[in-house]
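[1] just the structure for this:
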Amino acid sequence: MNRRYYSSKEIATLLGISEKTLENHRGQATGLPYYRIGDGRGLIVYDLEEVMAIVKASRVEPEPAAKLKLVTGGAA
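    Residues are numbered from 1 along each chain as shown. Reported below is the predicted structural model:
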């Protein structure tokens, strides 16, 4: 069976952010959805499919270069 749930450390590494950043977002109720397994502080895990859906939804599509009016030192 494929593993679906990942630790904070694994998700932080995957996204190139610190575990502290994930912790801060959890504390502020912002950022990625997560699951707390157990009472109190419990084990925190993330569903990889949910994380990747948010990453994909956050995609920014840049304007095609032909539509941009770039200043290249001369008249555009």
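[2] alpha carbons only for contacts and neighbour counts from here, please
    Fine.
[3] what about the residue nearest the centre of the chain, which SS state?
    What sits nearest the mean C-alpha location of the chain, by C-alpha atoms, centre = their mean, is residue 55, with 5.2 Å. Following DSSP: H, G, I helix; E, B strand; the rest coil, residue 55 is assigned to helix.
[4] and it, how far from residue 31?
    11 Å (C-alpha to C-alpha, to the nearest Å).
[5] off-centre distance for the longest strand that the chain contains?
    Secondary structure of the chain per DSSP state E: the longest strand is strand 43-47. With C-alpha atoms, centre = their mean, to the nearest Å as the basis, strand 43-47 stands 14 Å off its chain's centre.
[6] just checking, what packs against the strand or helix carrying residue 23?
    For residue 23, the host element (DSSP states H and E) is helix 19-27. Judged by 3 or more C-alpha pairs under 8 Å, 6 or more residues apart in numbering; DSSP states H and E, helix 19-27 is in contact with helix 8-15.
[7] buried set for the helix it packs on?
    Using 16 or more other C-alpha atoms under 10 Å as the test for burial, helix 8-15 gives 8, 11, 12.
[8] and the residues you listed, which is closest to residue 27?
    residue 8 (13.6 Å; C-alpha to C-alpha).
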